[in-house]
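Visitor: With the input below, show me the fold.
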Amino acid sequence: MGWSVPDRNAIEIRGVRKVFGAGENAVVALDTVSVPIRENEFFTLLGPSGCGKTTLLRLIAGFDYPSAGEILLYGDDIAPLPPFKRPVNTVFQSYALFPHMTVAENIGFGLEMLDRPKAEVKARVAEMLKLVRMEQLANRRTSQISGGQQQRVALARALAPQPKVLLLDEPLSALDYKLRKDMQIELKRLQGETGITFIFVTHDQEEALTMSDRIAVMSAGKILQVGAPRDIYDRPAERFVADFIGESNFLKGEIAGTAGGRATVRLSSGAEIPASLPEGFSPSGAVTIVVRPEHAQLAAANGDASLSGTVENVVYLGTDTHFHLRLDDGSPFIVRRQNSRGGGEGLTQGSRARVLIGADAAQVLKD
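Guide: Next up, the predicted model:
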């Protein structure tokens, strides 16, 4: 089977189902999932535990087989193939390095198992050491290096055979916060320099937003939304997506009119505000809208506003301040204001305040 003819999509998941067990004990892990993953893309499967993201990764790797559907790699169905016949490598949460081997020996191990010539293995190992910036540690045993360095070795070993696709199953979860942040940037650099399609699994929203070209948000075995990080954050289509990624304010209202992919929503206060609509969605009647805390503004109580309420708590977080309000209809609402030197906040606990919602701040949700 030839892998040399490129196509726009490196991987295509078509109608894939995965059911564990049978009869009354059957558990649907993936429920007719379809998604294209582009060549040279950093693509992330994001969702809570049990949503099916790791199951999908295992199906692409060949560690399990779909109950139905197709998995295509550059147009060829690889679903029936065993892992060793797929040009795909995986980096796991536990790096599974050989502690008695050196860094260089670990990186070259897979190439040796593929019976590559010794000169090629030596040259490729040197190239990988340079790529992950570990030339000085080539002869150090992996039991004698840090967790972050071990992670780099695992990446280098997986990249050494030049797979068409690299699968990463929460490989940063064991690292401390600062190192994890540093490795997020490193992973993105490695993906760009190698040109290999990365498929990354995580439950960490910040991690997904930081690294991804596109994100697929998953829940209960389904993909709810696929898009660039900014689209997923600013324009969530469903309440689960809006709630899972970042902080959100949810408001109830009625559709007063729609035109050109936008709606006018009448809130309980009687104010009418514009809101974006998810693509292909034409709602009527009662709806829920979402407003991110940083997309709303606060002002003193006098004057017109979309909403008004009382400040219940003010939380200073260094870079910004969170104002927790109780709206006049009893709903909670958070406004995030970026801090700057010399600017007095003006509003304190117990203050009456107006909430100003701009023309592009609100989004109607499907559910």
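Visitor: Nearest residue to Ser269 in space, ignoring adjacent ones along the chain?
Guide: Distances taken as C-beta to C-beta, 6 or more residues apart in numbering put Leu307 closest to Ser269, at 5.7 Å, once the chain neighbours are dropped. The C-beta positions use only the backbone N, C-alpha and C, and glycine is treated the same way.
Visitor: Any regions of the protein where pLDDT drops low?
Guide: 1-7, 303, 341-345 (pLDDT under 70).
Visitor: what are the ranges of the helices in it?
Guide: 53-61, 103-113, 118-131, 147-159, 177-194, 205-211, 229-234, 239-244 (DSSP state H).
Visitor: ok so, going back, is the residue nearest to Ser269 bridged to anything, and to what?
Guide: Val355 (DSSP bridges).
Visitor: Contacts only, for it.
Guide: Leu251, Leu267, Ser269, Ala271, Leu327, Asp328, Phe333, Arg354, Val355, Ile357 (C-beta atoms under 8 Å, 6 or more residues apart in numbering).
Visitor: Looks like the fourth one contacts Asp328 (just checking).
Guide: No. At 11.2 Å, Ala271 and Asp328 do not qualify as touching, with contact defined as C-beta atoms under 8 Å.
Visitor: How much space separates the residue nearest to the spatial centre of the chain from Gln184?
Guide: Centroid-nearest residue in the chain: Ala208, 3.2 Å away (criterion: C-alpha atoms, centre = their mean). According to C-beta to C-beta, to the nearest Å, Ala208 stands 10 Å off from Gln184.
Visitor: before we move on, what about Leu347?
Guide: 35 Å.
Visitor: try Ala296
Guide: Counting by C-beta to C-beta, the gap from Ala296 to Gln184 is 29 Å.
Visitor: what's the answer for Ile196, then?
Guide: Distance from Ile196 to Gln184, by C-beta to C-beta: 17 Å.
Visitor: Gln349 too?
Guide: Separation of Gln349 from Gln184 (C-beta to C-beta): 36 Å.
Visitor: just Gln149 next, same as before
Guide: For Gln149, the distance to Gln184 - C-beta to C-beta - is 16 Å.
Visitor: and stretch 94-108, how far out from the chain's middle?
Guide: Its chain's average C-alpha position is 29 Å from that of stretch 94-108, according to C-alpha atoms, centre = their mean, to the nearest Å.
Visitor: I am finished for the moment; much appreciated.
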